[in-house]
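S.K.: just the structure for this:
(2 chains)
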Amino acid sequence: MIELRKFVITGARGFCLKADNLQIKSGLFIQINGSNNSGKSLLLKTLAGLYKDYEGELFYNGVKEKPGNYSVILINDFAAVLPQKSVKYNLNLPLGKTSVRKNKLLQDMLQESGLEICLRDKLNTLSASQIKTLELIRAIIQQPHFLLIDDFDTYFDNVSLENLTKAFDHAAKAGTAIVITTRKKFEGISNSYLIKSGEIYKQ
Amino acid sequence: MKLRYILQMLIILVLLLITDGVYNLQQYSQGDILERAEQVYSAIEEIPAVMIVTEENSEIIYNNLGNLYFVKQVNKQHKDEIIELLSTQYRLDEAHSLMSKLNLPAVLEIQFSGETFTETESSLFLQAIEKEEGVFQLIYTEDNYRVSWQKMAKLLEISRLIDEYWQWIYWVLAGITLLIVVYFRISYESRQSHYWQRYCRAGGNPVIKKIFRILNSIFLVFVPLMLAIGAEYYFWIYQIAGYMPDFKFHIIRVAAMLTASLLALIFIRRKSYD
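M.R.: So this is what the prediction gives:
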């Protein structure tokens, strides 16, 4: 579990985001809503350890820790893929050897998402949404403690959410906490936060 | 393995072999000069100066000359030896007892040390002789040594030129090799950074990235080094052209290459992916 205490992120031109009392528990699916430039991306980058301009304390499983010093994968506008390589190559990029069980799960998730048929295709032939789906499946199979997805609604809609049910179920079972940021609120996700006027509120 | 990587290894190998060649050619040339110098030294040592001195002063002169740093050896022919020689040579057996009563001079044969005996030492020698008493005759002329001295001066000049210029060539080559190693390592890792950035962001293990960096350093630097040393080992074992490796040179070169490799790693580490 991650807990932020007296946590303030400083952005450009005097922007500040007060992220007090944000709690991310294992296996939960959390959405953080906010308008453009509200600081959603900055928050996720900070949690992933990629942005360092902050004050306050972060506790990981009750121990004070530096952001990013835990198993975390961030999916954002940066495409962590090699466009000239095949879908299969990109899928296996960080995986190494996978167990039979994981392999079966991977096949299921690929089938569910519709990516199974294009495994041999070059990645640059895929749509942006498909690429993000690939990144998502690839991240879930690694069972990180935290999976952070920025601008979720840019790449995924309610249909995608339904298509990825198995993947999200597996993440929940494996204890992976999924944090997504969106502009509009997704229905059916019970744990929601709202960023407004430089502060995070639990909804 | 990519073609670029193999090419980089080959270029480093060729540079190492060239530095090897330059170093060994220099050693060979100096060895050759030393050999020729030894011949000149022998030529000087083969021509002794001969002194005919009184028997009474012969011991003092013998000692004084023997102490000179450019004198290798002084041989003294005693009165008895001379009588023996004369009586045998001229069949004067009957006069043997008569001759022993004669006050005959002693003969000193002075052999110079080829390494130290030059024109300056020749003057010092003549000055030393002038001070001595009881010298009847000195059979010595500088003309006997002049050709050797001229040869020696030429050899010294060549040796100096080799040392001066070849050392420069060697150091410049070594510098170029080191710079190229650092450049190749940085260039290769910069190209790889695109891959590793995506690998890490996709959740890949950063330790794997570090292991690959170290392995790349080993392959790019140490494989050519090992091949170059292997080639020399081959020359040594099969005694091709009487080759003898210089282990000190190799230790220094391995240390330098290791430094270049570590330096490149430091430069690479300074680059941040995010």
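S.K.: for the chain, what spans make up the helices?
M.R.: Unless you meant another one, I'm taking chain A. For chain A, helices defined by DSSP state H occupy the ranges A:40-47, A:87-92, A:100-113, A:128-141, A:152-155, A:158-163, A:165-174.
S.K.: switch to chain B, that's the one I care about
M.R.: Under DSSP H, chain B gives helices at B:3-45, B:55-66, B:79-89, B:96-100, B:119-131, B:143-161, B:167-201, B:206-217, B:223-237, B:247-269.
S.K.: dump the residue contacts of the residue of chain A found nearest chain B.
M.R.: Nearest residue of chain A to chain B (C-beta to the nearest C-beta) works out as A:Pro94 at 3.2 Å. Every C-beta, even on glycine, is put in place using the N, C-alpha and C of the backbone. Each residue near A:Pro94 by C-beta atoms under 8 Å, 6 or more residues apart in numbering or on different chains is listed here: A:138, A:142, B:199, B:202-205.
S.K.: how many neighbours does the closest residue to A:Phe146 other than its chain neighbours have?
M.R.: Closest residue to A:Phe146 apart from its sequence neighbours, by C-beta to C-beta, 6 or more residues apart in numbering or on different chains: A:Val72 at 4.4 Å. Counted with other C-beta atoms under 10 Å in any protein chain shown, residues neighbouring A:Val72 total 24.
S.K.: now swap in the one 5 residues further on and tell me
M.R.: Around A:Asp77 there are 11 other residues, counting by other C-beta under 10 Å.
S.K.: that one and A:Ser38: what is the separation?
M.R.: Applying C-beta to C-beta, to the nearest Å, the value for A:Asp77 to A:Ser38 is 16 Å.
S.K.: in chain B, what residue comes closest to chain A?
M.R.: For chain B, C-beta to the nearest C-beta, closest residue to chain A: B:Gly204, 3.2 Å.
S.K.: without its sequence neighbours, what residue ends up closest to A:Ala174?
M.R.: The nearest residue in space to A:Ala174 (C-beta to C-beta, 6+ apart) is A:Gln143, at 4.3 Å.
S.K.: ok, now B:Ser217?
M.R.: Spatial nearest neighbour of B:Ser217, chain neighbours left out: B:Ser261 (4.6 Å); criterion: C-beta to C-beta, 6+ apart.
S.K.: does the one you found touch B:Leu215 like I think?
M.R.: No - judged on C-beta atoms under 8 Å, B:Ser261 makes no contact with B:Leu215 at a distance of 11.7 Å.
S.K.: between these two, which one's more packed in?
M.R.: In terms of neighbours (other C-beta under 10 Å), B:Ser261 is the more surrounded of B:Ser261 and B:Leu215; the figures are 20 against 10.
S.K.: what parts of chain A come near chain B?
M.R.: Within chain A, the residues that sit near chain B (C-beta under 8 Å from any C-beta of the partner chain) are A:50, A:73-74, A:78-82, A:93-94, A:96, A:135, A:138-139, A:142, A:144.
S.K.: could I have the buried ones of the residues you listed as PyMOL selection syntax?
M.R.: In PyMOL syntax, the buried subset of these is picked out as below (16 or more other C-beta atoms under 10 Å in any protein chain shown):
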select buried, chain A and resi 50+73+74+79+80+81+82+93+94+135+138+139+142+144
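S.K.: read off the pLDDT value for B:Met226.
M.R.: Looking at B:Met226, its pLDDT is 88.
S.K.: for the one 3 residues further on, same thing?
M.R.: According to the per-residue confidence, B:Ile229 scores 85 in pLDDT.
S.K.: likewise for A:Ile75?
M.R.: Note for A:Ile75: predicted pLDDT of 94.
S.K.: and it, bridged to which residues?
M.R.: A:Ile149 (DSSP bridges).
S.K.: who's in contact with it?
M.R.: A:132, A:135-136, A:139, A:147-150.
S.K.: which residues touch A:Phe15?
M.R.: A:Phe15 touches A:39, A:198, counting by C-beta under 8 Å, 6+ apart.
S.K.: repeat the analysis, applying 7 Å as the threshold.
M.R.: A:Gly39 (C-beta atoms under 7 Å, 6 or more residues apart in numbering or on different chains).
S.K.: got phi/psi on it?
M.R.: phi -70, psi 140 (degrees, to the nearest 10).
S.K.: also A:Ser99?
M.R.: phi -70, psi 170.
S.K.: that one - how many residues pack around it?
M.R.: Count around A:Ser99 with other C-beta under 10 Å applied: 8.
S.K.: can you pull up the most central residue in the chain?
M.R.: Using chain A. Note on chain A: the residue nearest the mean C-alpha position is A:Leu148, at 2.2 Å, using C-alpha atoms, centre = their mean.
S.K.: meant chain B, my bad for not saying
M.R.: Chain B, centroid-nearest residue using C-alpha atoms, centre = their mean: B:Gln30 at 5.6 Å.
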